[in-house]
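Engineer: Pasting the sequence and the predicted model now:
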2 protein chains.
Amino acid sequence: MNLPPAFLDALRAAVGTEFVRTDSDSRNSYGTDALKRGAPADAVVFPSSTQEVAAIAKLCNERRVPLVPRGAGSGYTGGSVPTRGGVVLSLERMNRILEIDEANLLAVVEPNVITGDLQDAVEKVGLFYPPDPASLRLCSLGGNVAECAGGPRAFKYGTTKRYVLGLEAVLPTGEIVRTGGKTVKNVVGYDLTQLIVGSEGTLAIVTKIILRLVPRPAAQTTLRATFRTVEDAVAAVIHITRARVIPAALELIDGESLEAVAQHLGVRTLAPVGTAALLLLEVDGVPAAVEEEALRVEQACRDAGASEVLRARDEAERSELWRVRREMSMSLKMVAALKFNHDVVVPKGRIPELFALVARLRREFRLRIPSFGHAGDGNIHVNFMVDPGDADEVARARAAEPVLFAGVVALEGSISGEHGIGFSKAPFLPIELSPEEIALMQRVKTAFDPNGILNPGKIFL
Amino acid sequence: MNLPPAFLDALRAAVGTEFVRTDSDSRNSYGTDALKRGAPADAVVFPSSTQEVAAIAKLCNERRVPLVPRGAGSGYTGGSVPTRGGVVLSLERMNRILEIDEANLLAVVEPNVITGDLQDAVEKVGLFYPPDPASLRLCSLGGNVAECAGGPRAFKYGTTKRYVLGLEAVLPTGEIVRTGGKTVKNVVGYDLTQLIVGSEGTLAIVTKIILRLVPRPAAQTTLRATFRTVEDAVAAVIHITRARVIPAALELIDGESLEAVAQHLGVRTLAPVGTAALLLLEVDGVPAAVEEEALRVEQACRDAGASEVLRARDEAERSELWRVRREMSMSLKMVAALKFNHDVVVPKGRIPELFALVARLRREFRLRIPSFGHAGDGNIHVNFMVDPGDADEVARARAAEPVLFAGVVALEGSISGEHGIGFSKAPFLPIELSPEEIALMQRVKTAFDPNGILNPGKIFL
């Protein structure tokens, strides 16, 4: 797409000449995200205010130019990739924490505050912002809102949506709207806040976020339990639930993933011989409650037949127990250069059936599929590891995807618990949603974006 | 509106002759709710299944007949009143608890399960459904979903929306859709679940609800603290927050409300002389944590200058402390026959400013305004008590309403935290929302209901 010079001039007038870039470096580097399948932008703009965002939207809407909002670009499904060209709107200059309100337990931020930075800032005053996507040192809160980011703590604390109280946003047609507000309760009109959360930048451009905070838990304890079968590990999860404990983290790592980490770290093994699944568990709260809950978790794991249960006695041991999880991403890179990482989710009672399905895919499609994830909420990262030079392996992995997704839906699950649809999963949307449901969502899209200029080609094909 | 005989015959064919009523008793009794301002229905239908609901919607949509879904009819803003006539669709026959899934911590219910009945059922197996609107023995879960019901526990546990994982719903055009599901994480397409929650029956008719459950807290402790000023009481609330305790209940009752209860109970006083505000507090969780938090709450109240702090030692004392709150509604009925009860909400740090505004309204409009509510989330019930025979008092109360609402919005609050807009608050919507925001919501409405047949005249004028 060639953008007309008059249009580019109007963009420059709106945000300042130095904040509109059309050089090929910028066009390419803002044309990809963590999915690593990109398309160049025609221009990249860097507004510094809501008013500038509104001006850009108006211009793009008038000229019917695709407009793609972008946070930190750490998404896994290509949500910020300008697949149809047009203007990438990078929010990186809007990165201030505007307010941390201790009395009302809330924070007001611009979209490009890094998630981990907000967490650090609020923890300093004894507060807590729970959502913890793995990319929290890279990703932005605006991106978290766009994708409804999750993370290990979601089972106990919920995902991003549970913390978004209100938004300021710019519609694709340029109007500035405010949704929700500073109160937890608000039932005036439709809940557009929650509609925009998770809409992957297709409904509106978020320019300000009001986030709910909670008290920082005073104590936490980490445990690790190993099991000879995935069934036993999931039985432990169910036992923990029946013991009425909701751990702050409940990560499950399968044998193939453990092996990858052991190889990467150059150690022979990370767990007792014959370990098919490892659970990393963390309980948090007031100290007395943490002690009581840790005991119940230990007991539940032993009841389920754990081969070993370890409990961290101090911060160093805690860090050591988490190490296997932290090294996971790097370790998988050593297994194979390309990872199709699917963030499927099933009711947690059905995790064994999900792992049975993965075992079947390993066999039938001859694939390496290390799998791990958040067992508490049934959200398992199923990673197809492929050598990009091996066309046959890539083809087998592609062929296995719809089988995985259909299987997950048959287990009352969902094809994405965290990463969203973007463009990479758009072909699979009809596996989960009916034509009537997709048509309804598209009418909602049109209610926000009558000309279809905002992040086109995402979610829907 | 006269419904054509052929249309009525089609309704009868869809749900059975005995489940379509057009007698004037039915038309009138299904023409009002707790607001007590009604309009007769033209017909009342009682479907027993999702398919029957879909058939009714199709018929109404084809003939452009207003269709008004109805739960228990306990709403305060006329949300289930057929203000434009047409068909009232009562969901009372769809009242089964379909599933309580202990392993996955969820329940599946039909819409007309009474909220308190579900709570009893899940508490029997050690689980907990927190939302607790005052009407919980009358109201239905479908109505709670439509209005996003709150209650005292919302500060700690959140309102209904935080517990709705998925819905089955019938669109006004008759399609059956499913939103969300049995998993806490699901980011596939737009979050229509949360959009439908709180939409007051204007977007879709909910026919099945998947609810998230949590472990039942093992222990709770109730405290009561009295204060000489509302400022002191709110200072205590802020101190409690700063002590990083989130009580399960944090009810504030003002002096005028206390006096009403005392009169109703025929006692001289319920609190030390000079009490301007009373806080009812409850902490819950594992026993050790409850003890620790109760101590912190006591200390925070004393630090804020409480004139008295009581703590229940057993269930009988706990019940006695709650008595003043339980008797509130009956007591207010003795003050005056008519109550305009406004459920305004402000950030809790601004509650003193809200009470200053109420004091001004008392003076300027010469009104009795007992006020009480959920201090933790700033949601205060501001009750204009009027004698319906006193036309001047009624007029003064009506005149005070927009002043209250504008004042609340100026305090960064919202005109409704619990009851919704219905038709009684629709004229005030523009006080809180901009024309652009209202227009956007109306476009969303059209995306669901192109012919505007579903619960017309609600939310929007």
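Structural biologist: That came in fine, so what should we check first? Residues are numbered from 1 along each chain as shown, chains lettered A, B, ... in the order given.

Engineer: Please count neighbours and contacts with C-alpha atoms only from this point.
Structural biologist: Will do.

Engineer: ok, how many other residues are close to A:Arg323?
Structural biologist: A:Arg323 has 12 neighbouring residues, counting by other C-alpha atoms under 10 Å in any protein chain shown.

Engineer: Check the one 5 residues further on too.
Structural biologist: Here the neighbour count serves as a burial measure; for A:Met328 (other C-alpha under 10 Å) it reads 19.

Engineer: okay but it is in contact with A:Ser257, surely?
Structural biologist: Yes: A:Met328 is in contact with A:Ser257 according to C-alpha atoms under 8 Å; the separation is 7.3 Å.

Engineer: which secondary element of chain A has the worst mean pLDDT?
Structural biologist: helix A:328-335 (a mean of 89; mean pLDDT, DSSP states H and E).

Engineer: what inclination does the helix or strand following that one have with respect to helix A:328-335?
Structural biologist: Using DSSP states H and E, the next helix or strand after helix A:328-335 towards the C-terminus is strand A:338-345. When axes from the mean of the first three to the mean of the last three C-alpha atoms, to 10 degrees is applied, the directions of strand A:338-345 and helix A:328-335 differ by 140 degrees.

Engineer: so what does strand A:338-345 touch, helix or strand wise?
Structural biologist: strand A:379-386, helix A:391-410 (3 or more C-alpha pairs under 8 Å, 6 or more residues apart in numbering or on different chains; DSSP states H and E).

Engineer: can you tell me which residues contact A:Thr50?
Structural biologist: Applying C-alpha atoms under 8 Å, 6 or more residues apart in numbering or on different chains to A:Thr50 gives the contacts A:Val170, A:Ile176, A:Thr207.

Engineer: residues from the stretch 251-400 of chain A in reach of chain B?
Structural biologist: When proximity is defined by C-alpha under 8 Å from any C-alpha of the partner chain, the stretch 251-400 of chain A lies next to chain B at A:Val286, A:Pro287, A:Ala288, A:Ala289, A:Val345, A:Val346, A:Pro347, A:Lys348, A:Gly349, A:Asp377, A:Gly378, A:Asn379.

Engineer: still on that earlier bit, for the helices and strands packed on strand A:338-345, state which one has the densest average packing.
Structural biologist: The highest mean neighbour count among the helices and strands packed on strand A:338-345, using mean count of other C-alpha atoms under 10 Å in any protein chain shown, belongs to strand A:379-386: a mean of 25.

Engineer: what does it contact?
Structural biologist: Contacts of strand A:379-386 (C-alpha under 8 Å, 6+ apart): A:332, A:335-346, A:358, A:367-374, A:393-394, A:397, A:417, B:185.

Engineer: ok, now with 7 Å
Structural biologist: By C-alpha atoms under 7 Å, 6 or more residues apart in numbering or on different chains, the residues outside strand A:379-386 that reach it are A:336-346, A:367-374, A:393-394, A:397, A:417.

Engineer: Only the buried subset of the residues you listed, as a ChimeraX command please.
Structural biologist: Applied in ChimeraX, the following selects the buried portion of these according to 16 or more other C-alpha atoms under 10 Å in any protein chain shown:
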select /A:338,339,340,341,342,343,344,345,346,367,368,369,370,371,372,373,374,393,394,397,417
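
Engineer: Look through the stretch 301-450 of chain A and state the residue closest to chain B.
Structural biologist: Residue nearest to chain B within the stretch 301-450 of chain A: A:Gly417 (4.4 Å; C-alpha to the nearest C-alpha).

Engineer: Now for that residue: which residues touch it?
Structural biologist: Listed by C-alpha under 7 Å, 6+ apart, the contact set of A:Gly417 reads A:Asp343, A:Val344, A:Val345, A:Asn379, B:Lys185, B:Asn186, B:Val187.

Engineer: Show me the two of these that sit farthest apart.
Structural biologist: Spatial extent of the contacts of A:Gly417 (C-alpha to C-alpha) is set by the pair A:Asn379 and B:Val187 at 11.5 Å.

Engineer: buried residues in the helix or strand hosting A:Val53?
Structural biologist: Using DSSP H and E, A:Val53 maps to helix A:50-63. Across helix A:50-63, burial judged by 16+ other C-alpha under 10 Å covers A:Thr50, A:Gln51, A:Glu52, A:Val53, A:Ala54, A:Ala55, A:Ile56, A:Ala57, A:Lys58, A:Leu59, A:Cys60, A:Asn61.

Engineer: Mind listing residues that contact stretch A:169-181?
Structural biologist: With contact meaning C-alpha under 7 Å, 6+ apart, stretch A:169-181 is reached by A:53-55, A:57-58, A:61, A:165-168, A:186, A:192-193, A:203-208, A:210, A:448-449, A:453-454, B:436-437.

Engineer: Can you flag which of those belong to helices?
Structural biologist: A:Val53, A:Ala54, A:Ala55, A:Ala57, A:Lys58, A:Asn61, A:Leu192, A:Thr193, A:Phe448, B:Glu436, B:Glu437 (DSSP state H).

Engineer: The first one contacts A:Pro47, doesn't it?
Structural biologist: Just to be clear, that refers to A:Val53. Yes: with contact defined as C-alpha atoms under 7 Å, A:Val53 reaches A:Pro47; the gap is 6.0 Å.

Engineer: thinking again about what came up before, for the ones in helices among the contacts of stretch A:169-181, which one is nearest A:Asn2?
Structural biologist: Proximity of the ones in helices among the contacts of stretch A:169-181 to A:Asn2 (C-alpha to C-alpha) peaks at A:Asn61, which lies at 16.0 Å.

Engineer: what about A:Leu105, distance to chain B?
Structural biologist: 8 Å (C-alpha to the nearest C-alpha, to the nearest Å).

Engineer: which ones are touching that residue?
Structural biologist: Contact partners of A:Leu105, counting by C-alpha under 7 Å, 6+ apart, are A:Arg212, A:Leu213, A:Val214.

Engineer: again, but for A:Leu310
Structural biologist: By C-alpha under 7 Å, 6+ apart, the contact set of A:Leu310 is A:Leu223, A:Arg224, A:Ala225.

Engineer: how about a markdown table for these, with pLDDT added?
Structural biologist: Shown next, in a markdown table, are the contacts of A:Leu310 (pLDDT from 0 to 100):
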| residue | pLDDT |
| --- | --- |
| A:Leu223 | 98 |
| A:Arg224 | 97 |
| A:Ala225 | 98 |
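
Engineer: Lovely, talk soon.
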